[in-house]
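S.K.: Here you go, sequence then predicted model.
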Amino acid sequence: MQTQNDDMKISVLASGSTGNVTYIETPEHKVLLDAGLSGKKIAELMASIGRDLHDVDTLLVTHEHSDHRQSVGVLARKYGLDVYANEGTWNAMDGKIGKVPLEQKNIFPANTVLDFGDLDIESFSVSHDAAEPQFYVFHHRDKAFAVLTDAGYVSERIEGTIKDADAYLLECNHDIEMLQNGEYSWPLKQRIMGDKGHLSNEDGANAMLDIIGNRTKNVFLGHRSQHNNLKSLAHLTVASILTEHDMGVGYDFNLFDTDAEKASNLIVV
């Protein structure tokens, strides 16, 4: 019989265009996904949920953009973390994160599963303008937590990989109208809306229609642009689309906003 001490717990410490960090905990492991803020800020966010960075043993990196890898090197050196990324991401981070001790550097190939004892972690490739971007599904016992941001589109392969997870962190980066009417240059707007850019609120909602299942209880809306989106707008857009398709927002599953400066509550998956 599974007890509360056997649970996987998660907190989205920060999610947005300025920085991304997620915390995953099992009885045997304490894991960070990305380190897109300063080490000091991440330590403060960890403390806000009653956790200590000194207890973290593993850091996974999705890709080399600064809002995901800013303090990877600092955390590795200061806290002795084992750092995992694929070869393309390691090469792209070279010269940007300082030296990471060789014994702490680990290759996590795309589209594979690594066994961490009571935690199986599955990587999957995404379409984004980085060297070799990949995201992850965290499996503990019969529970799964899937993370997908920084993707230009959601392929059928990705849908199959992350379908019917118990919890999600999914991208709702921009409102299309705000982006189109905003101050960004046209090439940057094209990049964000392109196949190697970011999911809009509508894109994120439409992906949810295909992947949310009977097991799904918690969905976090992530990687919101500070210039081209609003928390209320992202939430309303997603909730409206899901409700229009008879999905039980607030009943069958919870829809949570995330913040670039404030950690979400630590919840049981």
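M.R.: Yep, that arrived. Numbering: from 1, shown residues only.

S.K.: Quick check: which helices or strands does the host helix or strand of residue 255 pack against?
M.R.: Following DSSP states H and E, one finds residue 255 within strand 254-257. Packing partners of strand 254-257 (3 or more Cβ pairs under 8 Å, 6 or more residues apart in numbering; DSSP states H and E): strand 218-222, helix 231-244. C-beta coordinates here come from the backbone N, C-alpha and C atoms, glycine included.

S.K.: a markdown table please, covering these and showing distance to residue 26, mean neighbour count and mean pLDDT.
M.R.: What follows is the helices and strands packed on strand 254-257, written out as a markdown table (distance: least, Cβ to Cβ, whole Å; neighbours: other Cβ atoms under 10 Å; pLDDT from 0 to 100):
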| stretch | distance to residue 26 | mean neighbour count | mean pLDDT |
| --- | --- | --- | --- |
| strand 218-222 | 17 | 24 | 98 |
| helix 231-244 | 29 | 16 | 98 |
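
S.K.: now these in JSON lines, with distance to residue 71?
M.R.: Converted to JSON lines, the helices and strands packed on strand 254-257 look like this (distance: least, Cβ to Cβ, whole Å):
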{"stretch": "strand 218-222", "distance to residue 71": "19"}
{"stretch": "helix 231-244", "distance to residue 71": "25"}
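
S.K.: Which one of those lies nearest to residue 253?
M.R.: Comparison of these against residue 253 by Cβ to Cβ identifies strand 218-222 as nearest, at 6.0 Å.

S.K.: and the closest one, how far out from the chain's middle?
M.R.: 10 Å (Cα atoms, centre = their mean, to the nearest Å).

S.K.: ditto for stretch 210-220
M.R.: 15 Å.

S.K.: quick one: contacts of it?
M.R.: Here stretch 210-220 makes contact (Cβ atoms under 8 Å, 6 or more residues apart in numbering) with 12, 15, 144, 146, 154, 159, 162-170, 208, 242, 247, 252-258, 264, 267, 269.

S.K.: quick one: which of the residues you listed sit in strands?
M.R.: 12, 144, 146, 167-170, 254-257, 267 (DSSP state E).
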